[in-house]
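Asks: Below are the sequence and a predicted model; questions follow.
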Amino acid sequence: MRQHKSIGGSLESLFNRLTLISGYLSGWVIFALMVLVTIGVTARRVFGHALIFGDEYSAYMMVFCVFMGGAYTLQQDAHIRVDVLAIRLNERLRISLRFITSCLSLIYGAVLTWKTGWLVLYYKDIGHEALSVLETPTWIPALAMPIGLAILTLQMVVCIVEDLRFLLRGNSIDS
């Protein structure tokens, strides 16, 4: 299990704080999503009229939560994994394997951040709007993708540094 409280360095501390903020923000948006859905269902059942923006904004909020909550999930070591092989390895080999996969994930995350950033700029340049009554400019909700992926990528850097420290030190990860 990763330990984030022992990380030194102001840059790593900044990345961890950014991750924490995005995680809590994601949690609040989940709460707001719950409220919006409850209001939408109540309006439809009690008053017979659906909210015109309920479905659209619920989808935007869900995308926000997924992308902004990914880094926090990584920080808390809460991603789902299949570790049938990894649990059979000794600690040093397991951390080495995690280091390699984290480096590959860092590259993948950086590319995704870059590509989704360009997508947001493209949406803004062409003036793309949602095909709905409110005609929301799609670049606004799409901003959650590159921002969330950037924070996830930065948190991946923190994880790589921790694993590298362990591998160079050669100690137990708990010490």
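Replies: Yes, it's here. Numbers count the residues shown, from 1 in each chain.
Asks: Check which residues of the strand or helix carrying Ala32 are buried.
Replies: Element membership of Ala32 [criterion: DSSP states H and E] is helix 10-42. Neighbour counts over helix 10-42 (16 or more other CB atoms under 10 Å) mark 12, 15-16, 18-20, 22-23, 25-26, 29, 33, 36, 40 as buried. In short, each C-beta sits where N, CA and C put it, glycine included.
Asks: same check, this time on stretch 117-128
Replies: Gly117, Leu119, Val120, Tyr123.
Asks: do stretch 71-88 as well
Replies: Buried residues in stretch 71-88, counted by 16+ other CB under 10 Å: Ala71, Tyr72, Thr73, Leu74, Gln75.
Asks: Go through those and flag which are in helices.
Replies: The members of these that map onto helices under DSSP state H are Ala71, Tyr72, Thr73, Leu74, Gln75.
Asks: who touches the second one in this structure?
Replies: Going by CB atoms under 8 Å, 6 or more residues apart in numbering, Tyr72 touches Thr19, Leu20, Ser22, Gly23, Tyr24, Ser26.
Asks: what residue ranges in the chain score low on pLDDT?
Replies: Within the chain, the stretches with pLDDT under 70 are 1-8, 170-175.
Asks: Check which helices and strands the lengthiest helix in the chain is in contact with.
Replies: Ranked by number of residues, the top helix in the chain under DSSP H is helix 91-126. Secondary-structure packing of helix 91-126 (3 or more CB pairs under 8 Å, 6 or more residues apart in numbering; DSSP states H and E): helix 139-142, helix 144-169.
Asks: Hmm, Ser22 is touching Met68, no?
Replies: Yes - at 4.6 Å, Ser22 and Met68 qualify as touching, with contact defined as CB atoms under 8 Å.
Asks: Centroid-nearest residue for this structure?
Replies: Gly70 (2.3 Å; CA atoms, centre = their mean).
Asks: Distance check, it against Ile147.
Replies: Counting by CB to CB, to the nearest Å, the gap from Gly70 to Ile147 is 11 Å.
Asks: Leu164 now?
Replies: Leu164 is 26 Å from Ile147, by CB to CB.
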